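Undergrad: What follows is a predicted structure for the sequence shown.
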Amino acid sequence: MTTNPGRRSRDRWRPAAIQALAEGMTLADAARLARVGERTVSRWRQDPRFRQLVEAQRSAALERASGVAGSMAVSALTVLQEIMLDPEKPPAARVSAAARLLENLLKSREASTLSERLARLEEALASGQPRTSLLPPAGGGFQR
């Protein structure tokens with residue numbers, strides 16, 4: 001079987017195209033960075049393996065960003081708390097900090113509740129429980 005030497009040299013630039021597309025760059029930018037034509041990148045995008053690599057790269061970047069944000073969350077909340085409790089700060093800044101703290105608390109609680117509900121649904125579906133048992137009790141959330 002003969003190989004096309006031009007194809008092999010273009011394939012080595014795929015990582016640049018994958019990275020560019022994962023970062024949300026345009027097809028033209030990805031092609032320029034990968035040193036190929038736009039049609040080539042367009043063809044690559046038709047390949048499920050290529051799309052999978054782009055999505056994996058995008059997911060990895062989001063995971064890294066999420067880790068950085070998570071490690072900074074406590075510091076951010078501490079700053080908001082300091083502003084909220086500082087009598088020297090303008091009232092508008094203190095109210096804004098308090099509102100942000102409450103907003104973040106509510107969002108976190110909602111995410112936790114949804115996560116718990118999803119886990120229970122998955123558990124119930126996996127065990128073959130009747131669908132009526134998947135409804136929340138009259139009082140609101142699920143009981144343990």
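TA: Done, it's in. Numbering: from 1, shown residues only.

Undergrad: in the chain, which spans are helices?
TA: Applying DSSP state H to the chain gives helices spanning 5-11, 14-22, 27-34, 38-46, 48-85, 91-127.

Undergrad: Generate a markdown table for these, with mean neighbour count and mean pLDDT as supplementary columns.
TA: All C-beta spots, glycine's among them, are computed from the backbone N, C-alpha and C. Shown next, in a markdown table, are the helices of the chain (neighbours: other Cβ atoms under 10 Å; pLDDT from 0 to 100):
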| stretch | mean neighbour count | mean pLDDT |
| --- | --- | --- |
| helix 5-11 | 11 | 51 |
| helix 14-22 | 20 | 93 |
| helix 27-34 | 19 | 94 |
| helix 38-46 | 16 | 93 |
| helix 48-85 | 12 | 90 |
| helix 91-127 | 12 | 90 |
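
Undergrad: Centre-most residue in this protein?
TA: Note on the chain: the residue nearest the mean C-alpha position is Leu62, at 5.0 Å, using Cα atoms, centre = their mean.

Undergrad: Might you report the residue contacts of it?
TA: Listed by Cβ atoms under 8 Å, 6 or more residues apart in numbering, the contact set of Leu62 is empty.

Undergrad: and the gap between it and Glu38?
TA: Plainly put, Leu62 is 26 Å away from Glu38 if you go by Cβ to Cβ, to the nearest Å.

Undergrad: same question, Ser112
TA: From Ser112 across to Glu38, the span is 45 Å (Cβ to Cβ).
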